[in-house]
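Undergrad: Here's my sequence, what's the structure:
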Amino acid sequence: MFNSMNLVASTLMPSGGIPWLSIVTFLPLLGALALMFVPKLQAGVHRNLALVVSILTGIVSLGIFFNFDATVAITEGAAFTYQLQEGPVPWIKSLGIHYSLAIDGISLWLVILTTFLMPIAILSTYSAVKKNVKEYMILLLLLETGMLGALVANDVFLFYIFWEVMLIPMYLIIGVFGGEDRVKAAVKFFIYTMVGSLLMLIALLYVYFKLHAQTGAYSFLLQDMLSVNLTATEQLWLCAAFLLAFAIKVPLFPFHTWLPLAHVQAPTAGSVILAGVLLKMGTYGMIRFAFPMFPGAIKVFAPFLATLAVIGIVYGALVALVQDDIKKLVAYSSLSHLGFCVLGLVAMTPQGLAGGMYIMLAHGIATGGLFLCVGILYERRHTKKIKAFGGVAKSMPVFAAMFMIILFASVGLPGLNGFVGEFLALVGTAKSQFLWFDAPLIFSISEVEGVRTWGFNATDTFPLLVNSDQAGGEFTAYIFAAIATTGVIFAAGYLLWMYRRVMFGPLKLEANKNLKDLNGRELTYLTPIVLMCIFMGVFPQFFLGRMEPSLNQFLVYMKANTDNTKAKISLTDEELEKAKAADPENFKTYREVVMPNVVVAEPVKAGWVQSGKLIDKKGGK
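TA: Numbers count the residues shown, from 1 in each chain. Alright, predicted model coming up:
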């Protein structure tokens, strides 16, 4: 039964300190409740009260930041070390559902990002939304509570509740306040997200009952669910359900078709929050829940996730190149950029994880800023078609300068925030030993009768290199990184080409000659975006330093729980000496080769290491 006294008590941390996480999570909800008592016709009061509540939420979130200790000792053997923990205390005791909030370096900056963007989004609505202002502001504040709750929930069922709470306000924001095809966009968004959510719920309940079968206790706490022993087959099916829900939310190719329509039809504030925070719930869900709960399955799925991410990077960029609608172009750029994020996360390297997390933040700032700029143009011209503009920089020079900085950040220009994450993600991918398929690729150049040929070949044995014209099994990861790098080039193409057509050239259309430059309100909400693009690009360690301890702990946990990551050949000392004498130059490559999903049949008694037979997990040679 619901225990209201325990729920109230849960807001008091064990240390007796301030319950920062509960205050930040539910302050927007209290603001939404307060707005319900304000008369509907007082639109100005609704806007200002919602803005004040969102700013207060941002100020309170600084209490989380200043009380977060990046040097705290990690919990040995655990996936995460939490801070500012509130609870766990029973909420629905008979079902094992707890009110439990906590934060670590992975969720810290996403909470700050959410509270940073919401006041900016609300401020952008002052002239854009003139009808049903009360309902619009209530929906935005409810959405903020859902997003913040999902980021700090430490009980998986509580996370799922907040996950669903996010869905309804965004559905209404698109469906009620969007463009001409708003209903179609809203329904598509709802169906896609709900299908993924239901599959995740089924998988979650399976783990829940499995936990009870193994321990005799019911619990949805994440640390309890991480202790459940699952067979390889169970992990694969359950992980697939979780990954599908999160892949739809990111979205990852080919589950992306709801995104462009939703962005184009959503009002400006809705697009800012959708791109800035809501899409990150998918990548956050992967690293917080899917990866640590099903590490063995992730190891199997990693190459396939990387493949979809790379396809999304290139596909999103190419489709963006041919768009004639500015907002749709930016929407497809999100698909491309978040492909880098997923690629970095599944690479399972320190650089890849850090890059993936940094892309979440940088994309939220830069792409959110691009949608704000598109909204400013739309309010003046009531069109998003590229051909309707041209020479706008002459009429709006201040806007042109700020738009350019935000656009360069999205391109990935060094010195701005977009560069840091994408660079780290690509480096981490190239160094990954988690992205090899069971039969890794070998690149080889050979010469037969004076004719040099080259090719890629799969192998079920160790990739033993015999000359300088070969590249071993790690070449699979290099291919992912190389193809993904083309997305950076394409990004410069579609964004700079769009900017040139919109901002430069002659002022051919009369409607563009008298466009007003940024007013004080618009300067107020664009300036923080521009400054953050620069600050994150120049001082990335300010952000990385607080997330890296948590990411390193997570990486250690994943490596410890993905067995058989190292294939070793076992020989006697005498046999090792014989192998070394036979080929001392290449001997070091025979001693130990890192290759996922492969174990070595022991003992190997062949004298020559390279003649040893390998057995994969299924028992095949």
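Undergrad: so where's the longest strand in the chain?
TA: strand 83-92 (DSSP state E).
Undergrad: what is the rounded mean pLDDT of it?
TA: Average pLDDT, strand 83-92: 87.
Undergrad: what helices or strands is that strand leaning on?
TA: In this structure, strand 83-92 makes packing contacts with helix 4-9, helix 20-35, helix 43-67, strand 97-103, judged by 3 or more C-beta pairs under 8 Å, 6 or more residues apart in numbering; DSSP states H and E. For every residue, glycine as well, the C-beta is placed using N, CA and C.
Undergrad: Try it again at 7 Å.
TA: helix 4-9, helix 20-35, strand 97-103 (3 or more C-beta pairs under 7 Å, 6 or more residues apart in numbering; DSSP states H and E).
Undergrad: Just name the most buried of these.
TA: Scoring those by mean neighbour count under mean count of other C-beta atoms under 10 Å gives strand 97-103 as the most buried, with a mean of 24.
Undergrad: Can you add mean pLDDT and give the helices and strands packed on strand 83-92 back as JSON lines?
TA: What follows is the helices and strands packed on strand 83-92, written out as JSON lines (pLDDT from 0 to 100):
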{"stretch": "helix 4-9", "mean pLDDT": "49"}
{"stretch": "helix 20-35", "mean pLDDT": "93"}
{"stretch": "strand 97-103", "mean pLDDT": "91"}
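Undergrad: sorry, back to before: return the distance of the longest strand of the chain from the chain's centre.
TA: Distance of strand 83-92 from the chain centroid (C-alpha atoms, centre = their mean, to the nearest Å) equals 26 Å.
Undergrad: and what of stretch 61-73?
TA: So, by C-alpha atoms, centre = their mean, the centroid of stretch 61-73 is 22 Å from its chain's centroid.
Undergrad: list the contacts for the residue nearest to Leu236 when sequence neighbours are not counted?
TA: In space, and not counting its chain neighbours, Leu236 is closest to Ala297: 4.8 Å by C-beta to C-beta, 6 or more residues apart in numbering. By C-beta atoms under 7 Å, 6 or more residues apart in numbering, the residues touching Ala297 are 235-236, 239.
Undergrad: Could you chop the chain up by domain?
TA: With domains defined by automatic domain parsing, the chain comprises 294-436+474-562, 566-616.
Undergrad: quick check, distance from the longest one to the centre of its chain.
TA: Chain-centre distance of domain 294-436+474-562: 12 Å, with C-alpha atoms, centre = their mean.
Undergrad: Ends of it, what's the gap?
TA: 9 Å (C-alpha to C-alpha, to the nearest Å).
Undergrad: quick revisit: adding distance to Ile534 as columns, could you present the helices and strands packed on strand 83-92 in TSV?
TA: As requested, those are exported to TSV (distance: least, C-beta to C-beta, whole Å):
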stretch	distance to Ile534
helix 4-9	43
helix 20-35	26
strand 97-103	27
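Undergrad: So for Tyr126, which of those sits nearest?
TA: Comparing the helices and strands packed on strand 83-92 against Tyr126 with C-beta to C-beta, the closest turns out to be helix 20-35 (15.5 Å).
Undergrad: what inclination does that closest one have with respect to strand 97-103?
TA: 110 degrees (axes from the mean of the first three to the mean of the last three C-alpha atoms, to 10 degrees).
Undergrad: So which elements touch helix 20-35?
TA: Helix 20-35 packs on helix 43-67, strand 83-92, strand 97-103, helix 133-152, going by 3+ C-beta pairs under 7 Å, 6+ apart.
Undergrad: Outside of it itself, list whatever touches it.
TA: For helix 20-35, using C-beta under 7 Å, 6+ apart, the contacting residues are 11, 46, 49-50, 53-54, 56-57, 60-61, 63-64, 67, 84, 86, 101, 103, 111, 115, 134, 137-138, 141-142, 144-145, 148-149, 152.
Undergrad: Go ahead and build a PyMOL selection from the buried members of those residues.
TA: With 16 or more other C-beta atoms under 10 Å as the criterion, this PyMOL line picks the buried residues out of the contacts of helix 20-35:
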select buried, resi 11+46+49+50+53+54+56+57+60+61+63+64+84+86+101+103+111+115+134+137+138+141+142+144+145+148+149+152
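Undergrad: which stretches of the stretch 501-621 of the chain have low pLDDT?
TA: Applying pLDDT under 70 to the stretch 501-621 of the chain flags the ranges 563-621.
Undergrad: Spell out the residue ranges of the helices in it.
TA: Secondary structure of the stretch 501-621 of the chain, counting by DSSP state H, counting those that start in this stretch: helices at 520-538, 541-560, 573-582, 587-591.
Undergrad: helices or strands next to the longest one in the packing?
TA: The criterion is 3+ C-beta pairs under 7 Å, 6+ apart, and the helices and strands that helix 541-560 contacts are helix 105-123, helix 350-381.
Undergrad: got these as a markdown table, with mean pLDDT and distance to Asn519 columns?
TA: Shown next, in a markdown table, are these (pLDDT from 0 to 100; distance: least, C-beta to C-beta, whole Å):
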| stretch | mean pLDDT | distance to Asn519 |
| --- | --- | --- |
| helix 105-123 | 94 | 12 |
| helix 350-381 | 92 | 10 |
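Undergrad: rewinding a little: let me have the helices of the stretch 501-621 of the chain in CSV, extended by distance to Lys328.
TA: What follows is the helices of the stretch 501-621 of the chain, written out as CSV (distance: least, C-beta to C-beta, whole Å):
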stretch, distance to Lys328
helix 520-538, 21
helix 541-560, 30
helix 573-582, 60
helix 587-591, 50
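Undergrad: possible to save those as JSON lines with mean neighbour count and distance to Val165?
TA: Converted to JSON lines, these look like this (neighbours: other C-beta atoms under 10 Å; distance: least, C-beta to C-beta, whole Å):
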{"stretch": "helix 520-538", "mean neighbour count": "18", "distance to Val165": "26"}
{"stretch": "helix 541-560", "mean neighbour count": "18", "distance to Val165": "25"}
{"stretch": "helix 573-582", "mean neighbour count": "13", "distance to Val165": "60"}
{"stretch": "helix 587-591", "mean neighbour count": "15", "distance to Val165": "53"}
